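Undergrad: Predicted model and sequence below, questions to follow.
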Amino acid sequence: MNPAFQALLTIVIGVGGCITYFYASNIFLDKVLFPARGPNAGRNINRANMVRPWLFLMPAIVALGLYLAYPVFATAWLSLTDDAPGNKRVFVGFANYSQMFTEDKFWESMKNNMLWLVVVPAASTAFGLLAAQLTDRIRWGNIAKSLIFMPMAISFVGASVIWKLIYDTRPADQAQIGALNAIWLKFDGGIWSTIFLKVVPGLALLAFGAALAYVVWAMIRDLMKGTEAPGGLAGLILRVVGVAILGWLIWSTLSGILSLFGAVLPYGVPQTWLSQAFYNNFFLMAVLVWIQTGFAMVILSAALRGVPEDTIEAAIIDGANPFQIFFKIKVPQIMGTIVVVWTTITIVVLKVFDIVLAMTNGQWQTQVLANYMYDKLFRANDWGVGSASAMIIMLLVTPILVWNVYNVRKEMR
């Protein structure tokens, strides 16, 4: 069967099936089960109205139970079992988890995922907020928004192919088709090379470290003051864990600054960017930031448009400058939306797989949890450890997902 015709047939059957189900279920409910006639007509109408929402939700509940709930329980069971002769599985308790925790690749994946969790949501949200604010102030803002949002229409694999060409490396005696290497070869080690390749990145890292230090100080200050953390005990635990992770990132940033200024850069030699340990993670992150910035911009732009004009006018009358209006008037009023955008991107980051697989295949210390799970399940055929890593991903995603839902409901109230 022709694929296009098969896709069209699937759409027709799916949409037609939904329409038929809802129409037939309504007829059955109103004409057979609870008919609106006779002495009990009023009671039947009330009963039908109580049952109708569940009738409409039934297909979604069945689909979620079949394709979401069942796989979760099946994966949890597989993580507690191991292969046995006769194509059977035997219960081994937490042996798969113990084996996983002793593997260097697992801890490499955890470290890289933590790095992705801090950099990608922060950068995507910051760039999205900046784009949302600036595009609303220019005449051709809608065109700019369309261009920034365009990467959202590209699949992760397609975006990876595009950026892999940007990072492409050819021998020194050939023309470089990779944009990054073409720029790199323009530097010859002079004063401008030092400014652009050491001073500017060093200042950027220093600013990043200072921002992290401020966040850590704010968290510790609230803890020392005894300020109640949002979410109760769970919020307190998340805050302590966050302080520990941010502290490690500050140390890594300071180490990176020292190594940057002490490094001897190989000017004039094309670089294989994706094989340079530690820094290659940032080259991979750039792909996801490029994609998710458009998503953050659209959501935050709508939130900024919802800020009451009277608060802005009052700030202008009080003598506030544009920066003060933005950071002290607008940002606090859309903080709930910023948190939702941040946590949504965080969930995407925890499940990142396509970009790493397509660009490095987890080599050169770029492994992440989803790729580690894929390697165990489908390359090593180790369903026990692979399922255990899948459960770790789910445990990491679940608190963030719950926090996201909590904030959305809080904002709606």
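TA: Received, thanks.
Undergrad: what does the average pLDDT come to for the host helix or strand of residue 246?
TA: In this structure, residue 246 is located in helix 233-262 according to DSSP states H and E. Averaged across helix 233-262, the pLDDT comes to 76.
Undergrad: Give the buried residues for it.
TA: Using 16 or more other C-beta atoms under 10 Å as the test for burial, helix 233-262 gives 238-239, 243, 245-246, 249-250, 252-253, 256-257. Bear in mind the C-beta positions are built from the backbone N, C-alpha and C, glycine included.
Undergrad: ok, the residues you listed vs residue 336, which is closest?
TA: Lowest distance from residue 336 to these (C-beta to C-beta) belongs to residue 238, with 17.2 Å.
Undergrad: Once you drop chain neighbours, what's closest to residue 83?
TA: residue 89 (6.4 Å; C-beta to C-beta, 6 or more residues apart in numbering).
Undergrad: Quick check: neighbours of the helix or strand encompassing that neighbour in the sheet, parallel or antiparallel?
TA: Residue 89 belongs to strand 88-91 when assigned by DSSP H and E. Partner strands and pairing direction for strand 88-91 (DSSP bridges) are strand 81-84 (antiparallel).
Undergrad: what about the partner strand, distance to the chain center?
TA: Centre-to-centre, strand 81-84 and its host chain are 33 Å apart (C-alpha atoms, centre = their mean, to the nearest Å).
Undergrad: Check which residues of the helix or strand encompassing residue 339 are buried.
TA: In the assignment (DSSP H and E), residue 339 maps to helix 335-350. Within helix 335-350, the residues scored as buried using 16+ other C-beta under 10 Å are 337-346, 348-350.
Undergrad: Next secondary structure after the helix holding residue 246?
TA: Assignment by DSSP H and E places the next element after helix 233-262 at helix 279-305.
Undergrad: Which SSE is immediately downstream of that next one?
TA: Later in the chain than helix 279-305, the nearest helix or strand by DSSP H and E is helix 309-317.
Undergrad: Now do stretch 140-156: distance to the chain's middle.
TA: Relative to its parent chain, stretch 140-156 has a centroid offset of 18 Å by C-alpha atoms, centre = their mean.
Undergrad: ugh, wrong one, stretch 106-126
TA: Relative to the mean C-alpha coordinate of its chain, stretch 106-126 is positioned 9 Å out (C-alpha atoms, centre = their mean).
Undergrad: Mind listing what's buried along that stretch?
TA: Across stretch 106-126, burial judged by 16+ other C-beta under 10 Å covers 106, 108-113, 115-126.
Undergrad: Restrict that stretch to CA atoms and write it as PDB.
TA: Only the C-alpha atoms of stretch 106-126 are listed here, as PDB (Å, rounded to 0.1, in the frame of the first residue of the first chain):
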ATOM      1  CA  PHE A 106      26.300   5.600  34.200                       C
ATOM      2  CA  TRP A 107      28.000   8.300  36.300                       C
ATOM      3  CA  GLU A 108      29.300  10.000  33.200                       C
ATOM      4  CA  SER A 109      25.700  10.100  32.000                       C
ATOM      5  CA  MET A 110      24.500  11.500  35.300                       C
ATOM      6  CA  LYS A 111      27.200  14.200  35.300                       C
ATOM      7  CA  ASN A 112      26.400  15.200  31.700                       C
ATOM      8  CA  ASN A 113      22.600  15.200  32.400                       C
ATOM      9  CA  MET A 114      23.200  17.500  35.400                       C
ATOM     10  CA  LEU A 115      25.200  19.800  33.200                       C
ATOM     11  CA  TRP A 116      22.500  19.800  30.500                       C
ATOM     12  CA  LEU A 117      19.800  20.500  33.200                       C
ATOM     13  CA  VAL A 118      21.500  23.600  34.400                       C
ATOM     14  CA  VAL A 119      22.700  25.100  31.100                       C
ATOM     15  CA  VAL A 120      19.900  24.300  28.500                       C
ATOM     16  CA  PRO A 121      16.800  25.400  30.500                       C
ATOM     17  CA  ALA A 122      18.600  28.500  31.800                       C
ATOM     18  CA  ALA A 123      20.000  29.500  28.400                       C
ATOM     19  CA  SER A 124      16.800  28.700  26.500                       C
ATOM     20  CA  THR A 125      14.600  30.600  28.900                       C
ATOM     21  CA  ALA A 126      17.000  33.600  29.100                       C
END
